[in-house]
Each structure stands twice: as structure tokens, then as C-alpha cells.
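1. Any chance you could fold what I've pasted below:
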Amino acid sequence: FIQTDEGRCIVSNLFLGQQNQFVQGDQVWNPDTGLFVSAKRPKFPSRFSIGADPFDFKTSGLKAEFHLSNGGIGVHHNSDPNESDKPITEQESGQIICYYESRPSLDVYCQDLLAVAIWYGGLVNPENNLKAVNKYFYDMGYGGYLWRATMPDGTFKKETGTYSGTETKNGMLNALRDFIAYRAHRCKIKEFLNSAREIRDPKDLTYYDGLAACGWAVYAANSGYGKTIERFDDIDLDFDSLYGAPTRY
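-> Residues are numbered from 1 along each chain as shown. Predicted structure coming up:
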């Protein structure tokens, strides 16, 4: 991350000193090829959840009333067990800490998303109606950074990300509504808060790609996938020193 007024990421916490930690050589299922492949994964996959609302330049890029679709990225710092004794409204974790809404080229968007995922070491939940993100992560050797949903029997889907249908979108909106009700008062990113204030109907989400990405991050944070694949002892985090004012990168 390089601080600049032209930056596409608005960040309230970089978690400096804890970035870029990954495990090499895990075998993960690639649903496009039907094979297990060697791929990197985050070392601490339950700590952050990253939502992605991608776009496709091969189509018109238009949706709703001639709205030009952007790429959205949202990073959620998942609830830390060391704060479990605090009321949810007083916890520092369980928070949106990075917000992105921009329309670079599709390649640059995928590069930005992978860079964010590597930096935070978070699992990425892309809205996978468009497959570009999933393919890019596997092609770059980071397929282990892609999130998978939980099945009713407790196993996980082979497909990565979330297909945006009625059921999953309602689940995401419910998770986002609860986040806003209990956690928005501690969010430091005004762009997220302004988008959340503007939306009046689920259909309005099509105009707010950054908010949608944050919603998919919160949706993924409510699953147990990260904990299941995690193989490490939790470490204590000093929240007072980690949280500051948002900065653009």
C-alpha cells in the first residue's frame, strides 16, 4: 500500500506487522478443471473476510437505469474471540476496515483484489455470477484464498464464492442489516456509511458496488469455513494501537 490521494482503497486499519502471511502448497479443489491443485492460502484464514463485487468488460457494463458497473471490494475484520466478553456494540473487531469502489480495467481490478487478499491474509468471497475473479486467483496460484459456503450437512461447496440468487442475496442483506444495526456506529469509513444510508430497497444495491462487496464480506464472516481450515493458535491483538483514522491507498 502506498498512500496517495488517487488511491482506490479507503483503509481504516492496515494491521501493519501482520501482513503477507500465507501457507505454500495446500491442495485445493479447482471446480473449473475438476482437479486438486497446489495453491497458497492465508495462514490465519478466520481473521479477515473479503467480499468482491466484480464486473465484466465483455458485456456492456450497464445495469439498471444505465448505471455503469464498478468493481467493489470490502474487507471485514472478523470478530476476535478475545473480545467475546464485551457487548457486540462495544467491540473493536467485527468491523469494515477497507472499502473499494472503482472501475479500472478488469485485470487491474483482479490485481487489486489479490493484493488486498494477500496483504490482509483474508478469504475472498466473490459474487461469482462472473467467473473472472475465481479464474484469476487459480491462475496466479492463490486458489486457497477463495472462500467456500457451508452445505446443510456441514461440508463445504466445491464451488468458490457465492452465486447471487434470491436466497443468497437475502441472506447477505440480512447480515448487512444486522451489521449496520450493531456495528456501524464504530465504522470509520464514511463512503460505506453514506452508501448504507442511501439504499432504500434491495434493488438499490445494484448502484452501490462497494457496499455490495462489504455485504459479501460480512456474509462470509458469518460462516465457519475460515475456522475449519485454520491451523494456528490465536494471538492477542492490541486494538488501541491498530485502529486509526481512514486513509486512501
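2. Name the residue closest to the centre of the chain, please.
-> Geometric centre of the chain, nearest residue: residue 50, 1.4 Å, by Cα atoms, centre = their mean.
3. Name the residues linked to it by a beta bridge.
-> With DSSP bridges as the criterion, residue 50 is bridged to residue 75, residue 124.
4. Now do the same for it: its pLDDT.
-> Looking at residue 50, its pLDDT is 98.
5. surely it meets residue 120?
-> Yes: with contact defined as Cβ atoms under 8 Å, residue 50 counts as touching residue 120 (6.8 Å). Backbone N, C-alpha and C define where each C-beta goes, glycine included.
6. so what's in contact with these two at the same time?
-> Residues touching both residue 50 and residue 120 by Cβ atoms under 8 Å, 6 or more residues apart in numbering: residue 75.
7. Flag the shaky bits of the protein, pLDDT-wise.
-> 56-68, 231-249 (pLDDT under 70).
8. show me where it has strands.
-> 9-11, 22-30, 35-42, 48-53, 62-63, 67-68, 71-77, 95-102, 123-126, 247-248 (DSSP state E).
9. got the CA positions of the third one in PDB?
-> Only the C-alpha atoms of strand 35-42 are listed here, as PDB (Å, rounded to 0.1, in the frame of the first residue of the first chain):
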ATOM      1  CA  LEU A  35      -8.800 -31.300 -10.200                       C
ATOM      2  CA  PHE A  36      -7.000 -30.600  -6.900                       C
ATOM      3  CA  VAL A  37      -4.200 -28.100  -7.500                       C
ATOM      4  CA  SER A  38      -1.400 -26.700  -5.300                       C
ATOM      5  CA  ALA A  39      -2.100 -23.200  -4.100                       C
ATOM      6  CA  LYS A  40      -1.300 -20.700  -1.500                       C
ATOM      7  CA  ARG A  41      -3.800 -20.000   1.300                       C
ATOM      8  CA  PRO A  42      -3.800 -17.500   4.200                       C
END
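10. between it and strand 22-30, how many degrees?
-> Interaxial angle of strand 35-42 relative to strand 22-30 (axes from the mean of the first three to the mean of the last three Cα atoms, to 10 degrees): 150 degrees.
11. Outside of strand 35-42 itself, list whatever touches it.
-> Defining contact as Cβ under 8 Å, 6+ apart, one finds that strand 35-42 is touched by 21-30, 48, 117, 121-123, 138, 141-145, 229.
12. State the paired neighbours of it in the sheet, together with their directions.
-> Note on strand 35-42: by DSSP bridges, its sheet partners are strand 22-30 (antiparallel).
13. buried residues in the strand it pairs with?
-> Residues of strand 22-30 classed as buried by neighbour count (16 or more other Cβ atoms under 10 Å): 22, 23, 28, 29, 30.
14. How many neighbouring residues does the residue nearest to the first one when sequence neighbours are not counted have?
-> This means residue 22. Distances taken as Cβ to Cβ, 6 or more residues apart in numbering put residue 40 closest to residue 22, at 4.8 Å, once the chain neighbours are dropped. By the criterion of other Cβ atoms under 10 Å, residue 40 has 19 neighbours.
15. Could you tell me the angle between the top helix by length along the chain and strand 95-102?
-> For the chain, the helix with the greatest residue count under DSSP state H is helix 166-183. Calculated by the same axes, to 10 degrees, helix 166-183 forms an angle of 120 degrees with strand 95-102.
16. How far away from the center of its chain is helix 166-183?
-> How far helix 166-183 lies from its chain's middle: 14 Å, per Cα atoms, centre = their mean, to the nearest Å.
17. Who are the packing partners of that helix?
-> helix 209-221 (3 or more Cβ pairs under 8 Å, 6 or more residues apart in numbering; DSSP states H and E).
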